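[1] Coordinates for the following, if possible.
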Amino acid sequence: MLTALPPEAAGFLALITLALLPGVLVVRAPWTVVPAFSVAFWTLGWWWLPLGARSRLLGAALVLFVVLAILRFLPKHTVPPPPGYGGPEPPPPVVGPTTGDVPKLWSAPSLAVVGVALALLVPLPLWPHVPGREMAFHTTSARLAVWRDALPRTHEPLLPLPLFGAHGPGVPTLAADVSLLSGLDPGRSVVVAALLSAGLLLIGLYALLGTRLRPPAAALGALLGLATAPWPAFLAMWGEGGPVLALGLALPAAVLLVGHSSRPSAVAAGMLLAAALLAQPVLTLGIGVVIAVWAVWRESGVVIVDPEPVENREILRRTLNDEAPQDDGGVSLTRRVALAFGVAAALAGPALVRLGRALSTQEAAGVLKAIQGRELMSFVTGLALLGLAALLARLLIEARPRSRVFPGALVALSVVILLVGVHGGPAAGQLEPATLAALAGLEGEHRPLEAVCGPEGALDWVPALGGRVPGEMGKEGPEPWVPHALRDEWDQAPRRDCSKRLDPLPRRR
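    Now for the predicted structure:
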């Protein structure tokens, strides 16, 4: 649809479009949930909207959403009652969320967070890929989805693996949507998906802290926490790419459950959790356990007060339990959490079925064995730093509201550290230009089913960037990265002899 524009400009425009639509059409949705809701819709749509070519579905859906968005933002007014009408006054039109503590979009803290999230996209034209062996697998999956213009059943012809989607399809399918919409190469589209995931995480953390802190403190806590947490090493035990997207979707889901009290908000939270399950199921299940325990603890809290009067006892119970005001569809917290979990399981069911078919007991044990002690310590340290950052932000801003110089300097320093941390790793881990040129030339020089071998570090990118099958280099030679859920299938798959070999190239110093 956007192929007339330069690839990078088309990719950026596609990213903004996919992040805003259809989230802006949900009238009661807080602005902090809009991009996450949109990403969840497109991610789940691969599994629930298999209507012909994905590119045509994208185009038709976006045209419809743009028309509805125009109607959504037209000025609203109520029609006056006819002369002589003596009934009740008509309710005012709904123009935004009516429950929960939502930071205002046009406030300085919110604009600062949005500005940093947009600044994360600055190096989009500079990176041909996101480094990392697992990110190479995500890039291969995205390329397959673009080639088929639909949800693939297997990883053929690039990898002899069945059950596409058994390993975190959230990032690849999101990147494939960007490619189908803009014509951008799948390698660069994965860069777009990774940067968008980082922005979603920042906005989601800001929204979650905003349910307990004032917006200035929430903004400082989110920026300082992500700046001090080792990025992205504190999520390394959960994988590459997928954990950031999962957190960026699961945190807004927690906000909907904490700050709202209606069934529609619980359904929306379930949709976000379902998309998070497609990005990183284990991490999302852990977040779900935390939410469930918190809900049970909140609803089972016992408050001892003077029995008279009853009104005071109820007010104190609601104050200590910090319950959100009930609206016309208000239900208990535990019921809303149960509803959200049910919706998430139903919507993520097709992908989870493929994961269940692929995962064996031995492969599940391999996942646990692959966790390293330093990765676990880095994750625990990152969580502790996030909590300490939120506490420090509250002390600096809420306890001393007149002190603005030091918090402002801390915000500026946090922004610089965060941008360097998010951009520094991918910038330093790019393949050599000669290697990139050799991979780019594979599609023009070799037939599709000819296997290509390469040294360790480049072999993973033969299917991802070169679009060719990785070949067999002997029992002791390097192999492309394969997720634990598909290790048994990889060991039983036939190998292909090399038709071409990428010579080892000097690595960047």
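
[2] what's L126 in contact with, if anything?
    Contacts for L126 (Cβ atoms under 8 Å, 6 or more residues apart in numbering) come out as A427. Quick note: C-beta positions are derived from backbone N, CA and C, even for glycine.

[3] Next one: it, what pLDDT does it get?
    At L126, the model reports a pLDDT of 73.

[4] do E323 as well
    For E323, pLDDT reads 43.

[5] Could you do L352 as well?
    Looking at L352, its pLDDT is 93.

[6] Hmm, T284 and it touching each other?
    No: using Cβ atoms under 8 Å, L352 makes no contact with T284, being 10.8 Å away.

[7] Would you map the strands across the stretch 1-150 of the chain?
    Along the stretch 1-150 of the chain, no stretch is classed among the strands by DSSP state E, counting those that start in this stretch.

[8] and what of the chain?
    For the chain, the strands defined by DSSP state E occupy 451-453, 469-470, 498-501.

[9] Which of those strands sits closest to L57?
    strand 469-470 (29.1 Å; Cβ to Cβ).

[10] Give me the mean pLDDT for that closest one.
    Rounded mean pLDDT across strand 469-470 is 88.

[11] which one of the strands of the chain is the most hemmed in?
    Neighbour counts (mean count of other Cβ atoms under 10 Å) averaged over each of those peak at strand 469-470, with a mean of 25.

[12] I'd like to check what contacts it. Which residues are they?
    157-159, 449-454, 459-460, 462-463, 479-480, 496.

[13] returning to what we had before: can you lay out the strands of the chain as JSON lines showing distance to G183?
    Below are the strands of the chain laid out as JSON lines (distance: least, Cβ to Cβ, whole Å):
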{"stretch": "strand 451-453", "distance to G183": "25"}
{"stretch": "strand 469-470", "distance to G183": "24"}
{"stretch": "strand 498-501", "distance to G183": "27"}
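
[14] Minimum distance to S261: which of those has it?
    Per Cβ to Cβ, nearest to S261 of those: strand 469-470, 52.2 Å.

[15] rewinding a little: for G366, find the nearest of the strands of the chain.
    So among the strands of the chain, strand 469-470 is nearest, using Cβ to Cβ, at 21.1 Å.

[16] Relative to the whole chain's centre, how far out is that closest one?
    From the chain centre to the centre of strand 469-470 is a distance of 29 Å (Cα atoms, centre = their mean, to the nearest Å).

[17] The chain should start at 6 in everything you say after this.
    Sure thing, new numbering starts at 6, so read that last one as strand 474-475.

[18] Give me the sheet partners of it and which way each runs.
    strand 456-458 (parallel) (DSSP bridges).

[19] residue contacts, L252?
    Here L252 is in contact with 206, 209, 240, 281, 288, 292 (Cβ under 8 Å, 6+ apart).

[20] let's see it at 7 Å
    206, 209 (Cβ atoms under 7 Å, 6 or more residues apart in numbering).

[21] Which parts of the stretch 306-455 of the chain are helices?
    Under the criterion DSSP state H, counting those that start in this stretch, the stretch 306-455 of the chain contains helices at 315-326, 338-352, 354-363, 366-375, 378-398, 410-433, 438-445, 447-450.

[22] nearest residue to T144 other than its sequence neighbours?
    Among residues not flanking T144 along the chain, A469 sits closest, at 3.8 Å (Cβ to Cβ, 6 or more residues apart in numbering).

[23] Please apply the same query to A498.
    P165 (3.6 Å).

[24] Roughly how far does the closest residue in space to M276 that isn't next to it in sequence sit from A147?
    Leaving aside its sequence neighbours, M276 sits nearest to A45 (Cβ to Cβ, 6+ apart; 5.3 Å). Computed as Cβ to Cβ, to the nearest Å, the A45 to A147 distance reads 18 Å.

[25] Then A350?
    Separation of A350 from A147 (Cβ to Cβ): 26 Å.

[26] One more: A345?
    A345 is 29 Å from A147, by Cβ to Cβ.

[27] now swap in G137 and tell me
    14 Å.

[28] So if I had to pick from the two, which one is more boxed in?
    Each of G137 and A147 has its neighbours counted (other Cβ atoms under 10 Å); A147 has more, 27 against 21.

[29] wait, that one sits on S194?
    Yes: using Cβ atoms under 7 Å, A147 makes contact with S194 at a distance of 6.1 Å.

[30] which neighbours do those two share?
    180-181, 184.

[31] Buried ones only from those, please, as a PyMOL command.
    In PyMOL, this line selects whichever of these come out buried by 16 or more other Cβ atoms under 10 Å:
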select buried, resi 180+181+184
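
[32] Can you tell me which of the shared contacts of A147 and S194 end up in helices?
    Among the shared contacts of A147 and S194, the members found in helices (DSSP state H) are 180-181, 184.

[33] contacting residues for R506?
    By Cβ under 7 Å, 6+ apart, R506 lies in contact with 458-459.

[34] Compute the distance between it and P483, please.
    12 Å.

[35] ditto for L447
    Distance from L447 to P483, by Cβ to Cβ: 17 Å.

[36] And E494, by the same measure?
    19 Å.

[37] Who has more neighbours out of the two?
    Using other Cβ under 10 Å as the criterion, E494 and P483 rank with E494 on top: 20 against 16.

[38] these two touch, right, the more buried one and P167?
    Yes: using Cβ under 7 Å, E494 is in contact with P167, at 5.8 Å.

[39] Quickly name whichever of the contacts of strand 474-475 is closest to P35.
    Nearest member of the contacts of strand 474-475 to P35, counting by Cβ to Cβ, is D465, at 39.6 Å.

[40] residues touching L210, list them.
    Counted by Cβ under 7 Å, 6+ apart, L210 has contacts 227, 230-231, 256.

[41] from these, which ones fall inside helices?
    227, 230-231, 256.

[42] Among the residues you listed, which one has the most neighbours?
    A227 (32 neighbours).

[43] Contacts only, for it.
    118, 207, 210-211, 214.

[44] Please narrow the residues you listed to those residing in helices.
    Reading helices off those with DSSP H, I get 118, 207, 210-211, 214.

[45] Please parse this structure into its domains.
    Domain assignment for the chain by automatic domain parsing gives 12-80+101-306+326-433, 438-506.
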